[in-house]
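Trainee: whatever this is, show me its structure:
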Amino acid sequence: MNHKNGFNPLSRTTAHRRAMSRNMVTSLFRYERITTTKSKALEVRRAAEKLITRGKLDSVHNRREVAKYIQDEKILNKLFTEISPRMKERNGGYTRVLKLGYRQGDAADVVILELVDYKLDTEEKEPAKKVEKKATVKAESETKPKKTAAKAKETTSDVEKAPKAKKATTTKKTATKKVAEKKEEPKAE
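Mentor: Just a heads-up that it's a prediction; the model follows:
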């Protein structure tokens, strides 16, 4: 008897199940991380690991066998040139399933299926954004004309002399004057 050699039909017809599995494997290789239900993830994992194993040896035969399952040429090339070489030293276990909890609508187990060597991109992007912001702030401060001491004293003395009710209107006027001055100045190129 062949026990434990079956698969989960996922309550779908053969054609639907095959199409869904192909799409999910393609998405896994494209994004290297997908969110799905636990039962789907376990089925997709079986197919994905077999394809990664095939991708370790780049031959015409292996490419054609994998191409039966993955129709997208870019993803097929990515599997053979990027993903499988990264897994060269591993003997299996190329994917990881991380539990997220339960979906609100139907209480299904939701998991993240990802490649083992997946790295989050957010850590790399944050320092780059900070550097870019600092550079733009410095560039803007260099292009803005600096107030002379006399003009700064005039604006502060006007605000101090005005009553409290008029302070808000004077600050609005000074703000509009600043905007008008910026518009009138020609840009240096």
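Trainee: which parts of this protein are strands?
Mentor: Taking DSSP state E as the criterion, the chain carries its strands at 33-37, 95-102, 109-115.
Trainee: ok, residues contacting the second one?
Mentor: The set of residues external to strand 95-102 that reach it, using Cβ atoms under 8 Å, 6 or more residues apart in numbering, is 28, 35, 38, 41-42, 45, 48-49, 108-116, 118. From N, CA and C alone the C-beta is placed, and that goes for glycine too.
Trainee: state the mean pLDDT of it.
Mentor: Taken as a whole, strand 95-102 has an average pLDDT of 97.
Trainee: follow-up on the earlier one: quick one: closest of the strands of the chain to Met87.
Mentor: Between Met87 and these, the tightest spacing by Cβ to Cβ is seen for strand 109-115, at 8.1 Å.
Trainee: what's the closest one in contact with?
Mentor: Residues outside strand 109-115 that contact it (Cβ under 8 Å, 6+ apart) are 28, 32-39, 41, 44-45, 83, 94-103.
Trainee: one more time with 6 Å
Mentor: Contacts to strand 109-115, defined as Cβ atoms under 6 Å, 6 or more residues apart in numbering, come from residues 32-35, 38, 41, 95-100, 103.
Trainee: ok, of these, which one's closest to Glu73?
Mentor: Lowest distance from Glu73 to the contacts of strand 109-115 (Cβ to Cβ) belongs to Glu32, with 18.0 Å.
Trainee: does the closest one touch Lys119 like I think?
Mentor: No - using Cβ atoms under 6 Å, Glu32 is not in contact with Lys119; the gap is 8.9 Å.
Trainee: those two: who's more crowded?
Mentor: Glu32 (18 against 10; other Cβ atoms under 10 Å).
Trainee: contacting residues around the nearest residue to Gly55 once chain neighbours are set aside?
Mentor: Nearest residue to Gly55, sequence neighbours excluded (Cβ to Cβ, 6 or more residues apart in numbering): Ser84, at 3.3 Å. With contact set as Cβ under 6 Å, 6+ apart, Ser84 has these partners: Ile52, Gly55, Lys56.
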